[in-house]
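Asker: From the sequence below, what's the structure:
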Amino acid sequence: MRFSVYQVSRKGGREKNEDRMGYCYTREAGLFALADGMGGHPEGEMASQLALQTMAALFQRDARPGLADPLRFLTDAIMAGHHQLLRYASEKGLIDTPRTTIVACILQGNTAYWAHCGDSRLYMVRGDKLIARTRDHSYSELQDSLSTVVPLTERYNRNVLFTCLGSPGKPVIDTAGPLLLQEGDRLMICSDGLWGTISDETITRHLATRTISDAVPELVEEALREGGPKCDNVTVLAVEWESASNEDTPGVRTETLGEEVFASTIQASVGDAGDNADSDDLDEAEIERSIREINEAIRRSAQASGKKP
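Answerer: Numbering: from 1, shown residues only. A predicted model of the protein is given here:
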């Protein structure tokens, strides 16, 4: 596999940033995930962190080095995150359960699979076309889908969800795939802080006409400007799928990894940034250490196999 990744999270006008994102990969599979802790419930940052950590741990266990059933893995891993939140609330004696949305994508071979619960979205752009976009688990999106069948006059707030991780009921999980990838395809996962202020047309145009390293920060800055002082936190992770023969494009190349090598940028625990005043702004500089560790793992694996990285 060969792909490029760009990720950034910016704190808006909220008290803290409860969004979390990250990716991990083996020689044959990559997992890209984002979770948005929900306000109005306790410890949203813990909810999003636990959901991602659970998924990453299961990916490390099951991707040996590929997944036998990527869609089944996504469904099971999201449900496992849900159960972790219920267990955490019980152990801590919380009156309410921490809750989060989640969206995750698996790239394996030359195919993509994804799943989501809540209103964190995935966009897929090919050329200048938006060829896929997840549908939010919100009453407003459901209302739009049913409007041609059952006309409704009352409008719902787009922030009102009918499912999420950590809720009393069983989460609704939608999946898609396998979808055959083409060189240059861009996949982007994001929190509602982005799409809530930026249209699908604008997102598509940026992803279609710029590199992801240019498109993502510009989209984030535009969302923060449009959102104003009360803007939600904005978190985005974008991937560009590349041919292994394209030597001119920088990115991650996994062919030299050993079967047991697992690399990840998903934080081990909440608060790793310590007392850093900018710990709510997780940009490329923040994850540089993780990337260096990944590159070192690749180098060691290549040396062990006698190949050049």
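Asker: quick one: strands adjacent to the helix or strand containing residue 122?
Answerer: Residue 122 is part of strand 121-126 when elements are defined by DSSP states H and E. Applying DSSP bridges, strand 121-126 is found paired with strand 129-133 (antiparallel), strand 186-190 (antiparallel).
Asker: Comparing the ones you listed, which comes out most buried?
Answerer: For the strands paired with strand 121-126, the largest average neighbour count (mean count of other C-beta atoms under 10 Å) is found in strand 186-190, namely a mean of 27. (C-beta placed from N, C-alpha, C; glycine too.)
Asker: next helix or strand past that one?
Answerer: Next helix or strand after strand 186-190 toward the C-terminus (DSSP H and E): helix 192-195.
Asker: Starting from that following helix, tell me the next helix or strand along the chain.
Answerer: Assigned by DSSP H and E, the successor of helix 192-195 is helix 200-209.
Asker: list the buried ones in that following helix?
Answerer: Across helix 200-209, burial judged by 16 or more other C-beta atoms under 10 Å covers 203-208.
Asker: Hmm, residue 114 and residue 74 touching each other?
Answerer: Yes. Residue 74 is within contact range of residue 114, at 7.2 Å (criterion: C-beta atoms under 8 Å).
Asker: So between these two, which is more surrounded?
Answerer: Legend: neighbour count by other C-beta atoms under 10 Å for residue 74 and residue 114, higher for residue 74 (28 against 25).
Asker: Quick check: mean pLDDT of stretch 78-93?
Answerer: Averaging pLDDT along stretch 78-93 yields 95.
Asker: circling back: run the chain-centre distance for the strand holding residue 122.
Answerer: Put simply, strand 121-126 sits 12 Å off its chain's centre (C-alpha atoms, centre = their mean, to the nearest Å).
Asker: can you list the residues that contact that strand?
Answerer: Outside strand 121-126, the residues that touch it by C-beta atoms under 8 Å, 6 or more residues apart in numbering are 103, 105, 112, 114, 116, 130-134, 136, 179, 182, 184-190, 192, 195, 200, 203-204, 207-208.
Asker: hmm, try it at 6 Å
Answerer: Residues from elsewhere that reach strand 121-126, judged by C-beta atoms under 6 Å, 6 or more residues apart in numbering: 103, 114, 131-134, 185-190, 195, 203-204, 207-208.
Asker: thinking again about what came up before, tell me which two of the buried residues of helix 200-209 sit farthest apart.
Answerer: Of all pairs drawn from these, the greatest distance, 9.4 Å, lies between 203 and 208 (C-beta to C-beta).
Asker: which stretches of this structure form strands?
Answerer: 2-10, 19-25, 29-37, 100-108, 111-117, 121-126, 129-133, 174-180, 186-190, 234-241, 252-253, 263-264 (DSSP state E).
Asker: Going by mean pLDDT, which of those comes out lowest?
Answerer: Looking at the strands of the chain, the weakest mean confidence is strand 252-253, a mean of 85.
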